[in-house]
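Engineer: got a predicted model here, sequence first, then my questions.
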Amino acid sequence: MVLVRIQSELGKTISRNTLRRALKSMDHSYRRVKKSLRSKRNDQAFEAKKEIATLKVQEDDQEIVLYYFDGSGFSLVPYVPYCWQKKGETIEIDSSRSRSINVLGFLKRDNTFAFHFVDGSVDSELIVAVFEHFISTLDEGKKTVIIMDNAPKHTSAYIEAQKARWKNVMWT
């Protein structure tokens, strides 16, 4: 495509190797293109960044204690999608499943990390139980704010019903 365009617009014929060398000399490299949803994002959702910045200032002024909550799952079976293989030969690994191991955690900006291991799946009821346990460990004299993302498990009706109660417990 580019070679054809150079031919038609400049009247010059060059090889692919010449084009490759020219692009490399201009600090270009051949690599995978990233897919992005940036054009589809809701900029109003990014207003939360301003709120988080305000919360960070309040934490720096020791008005509140700020935590971030999230979870991550792990599998004991490795996933190896690519490897070098001889032409005509196929490397296979056995397909198997393992139980899932999940970690739910509360992280502060000073890297203090309170976590809970979960052997198996995570649902809203389990998240509420983890929050209940965490809340019971908080310093009663400090207002605590916990930031979490909009994952479906974090925004379920069951968790939303608990938030008002948690506000009263954590902010009094």
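Structural biologist: Looks like it came in fine.
Engineer: for A151, see how far away D70 is.
Structural biologist: Taking Cβ to Cβ, to the nearest Å as the measure, D70 and A151 are separated by 8 Å. Placement of C-beta: from N, CA and C, glycine included.
Engineer: who has more neighbours out of the two?
Structural biologist: D70 (14 against 11; other Cβ atoms under 10 Å).
Engineer: which SS state does the more buried one fall under?
Structural biologist: strand (DSSP: H, G, I helix; E, B strand; the rest coil).
Engineer: who's it bridged to?
Structural biologist: Counting by DSSP bridges, D70 forms beta bridges with G105.
Engineer: which ones are touching it?
Structural biologist: D70 is in contact with 104-105, 107, 148-149, 151, counting by Cβ atoms under 8 Å, 6 or more residues apart in numbering.
Engineer: now these in JSON lines, with distance to R32?
Structural biologist: Shown next, in JSON lines, are those (distance: Cβ to Cβ, whole Å):
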{"residue": "L104", "distance to R32": "33"}
{"residue": "G105", "distance to R32": "31"}
{"residue": "L107", "distance to R32": "31"}
{"residue": "M148", "distance to R32": "31"}
{"residue": "D149", "distance to R32": "26"}
{"residue": "A151", "distance to R32": "27"}
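Engineer: would you write a PyMOL line that selects the buried entries of these?
Structural biologist: PyMOL command restricting the contacts of D70 to the buried ones, with burial defined by 16 or more other Cβ atoms under 10 Å:
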select buried, resi 104+105+107+148
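Engineer: tell me the two of the contacts of D70 that are most distant?
Structural biologist: Farthest pair in those (Cβ to Cβ) is L107 and A151. Separation: 15.5 Å.
Engineer: could you say which helix or strand holds R97?
Structural biologist: R97 belongs to no helix or strand when elements are defined using DSSP states H and E.
Engineer: can you tell me the number of residues neighbouring it?
Structural biologist: If you count neighbours by other Cβ under 10 Å, R97 ends up with 8.
Engineer: confidence score at it?
Structural biologist: On pLDDT, R97 comes in at 73.
Engineer: same check on V77?
Structural biologist: At V77, the model reports a pLDDT of 75.
Engineer: so who does it touch?
Structural biologist: Contacts of V77 (Cβ under 8 Å, 6+ apart): 96-98.
Engineer: for the one helix or strand L55 maps to, buried residues please.
Structural biologist: Assigning secondary structure by DSSP H and E places L55 in helix 47-60. Judged by neighbour count (16+ other Cβ under 10 Å), helix 47-60 contains these buried residues: E59.
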